[in-house]
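Asker: coordinates only, sequence not included:
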């Protein structure tokens, strides 16, 4: 039996490529235009210590930050830099959530950050710069 997805979370529409492999990822619209993101970890996301591998968390945070940028700006984007700090760990099978903040958007760049957590525990923090492209 798999992990139950919390109420209000809907799957991302795009589930192809790496997103489909590492996900599915989910998003939930909150009040005030805020979004929460989540995914149900499983054996694919684990490391030998029976916790979620850092690469699974980085893939999640990079994807959700890009989703925020596309949703808010209407432009496609590509990661320029992604800096992460690991704070704690979560066991395989945990529901992981994240919140993101856009710090600044220029004509060609977007600056964002996120906190990824399990229950009340911060798993990692991330800051990212994205290159913005016009949709053609």
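Answerer: Looks like it arrived, so ask away. Here the structure is a predicted model, which means the values were calculated and not measured. Numbering: from 1, shown residues only.

Asker: please make it C-alpha for all contacts and neighbour counts, starting now.
Answerer: Will do.

Asker: backbone dihedrals for residue 62, please?
Answerer: Torsion angles at residue 62 (phi, psi; degrees, to the nearest 10) stand at phi -60, psi -40.

Asker: got the contact list for it?
Answerer: Counting by C-alpha atoms under 8 Å, 6 or more residues apart in numbering, residue 62 touches 79, 82.

Asker: wait, isn't residue 64 in contact with residue 36?
Answerer: No - counting by C-alpha atoms under 8 Å, residue 64 does not reach residue 36; the two are 9.3 Å apart.

Asker: any common contacting residues for the two?
Answerer: residue 100.

Asker: what's the closest non-adjacent residue to residue 94?
Answerer: Nearest residue to residue 94, sequence neighbours excluded (C-alpha to C-alpha, 6 or more residues apart in numbering): residue 41, at 5.5 Å.

Asker: neighbours of that neighbour, how many?
Answerer: When neighbours are counted by other C-alpha atoms under 10 Å, residue 41 registers 26.

Asker: ramachandran coordinates for it?
Answerer: With angles defined as degrees, to the nearest 10, residue 41 sits at phi -70, psi 150.

Asker: I'd say it and residue 90 touch.
Answerer: No - contact criterion C-alpha under 8 Å: residue 41 and residue 90 do not qualify, at 9.4 Å.

Asker: residues that sit against both of those two, list them.
Answerer: Counting by C-alpha under 8 Å, 6+ apart, the residues touching both residue 41 and residue 90 are residue 52.

Asker: got the buried residues for the worst-scoring helix or strand of the chain on mean pLDDT?
Answerer: The weakest-scoring helix or strand in the chain, judged by mean pLDDT, DSSP states H and E, is helix 17-22 (a mean of 77). Neighbour counts over helix 17-22 (16 or more other C-alpha atoms under 10 Å) mark residue 22 as buried.

Asker: the helix or strand following that helix - contacts with which helices or strands?
Answerer: Per DSSP states H and E, helix 17-22 leads on to strand 25-29 as the next helix or strand towards the C-terminus. In terms of contacts (3 or more C-alpha pairs under 8 Å, 6 or more residues apart in numbering; DSSP states H and E), strand 25-29 is packed against strand 10-11, strand 35-40.
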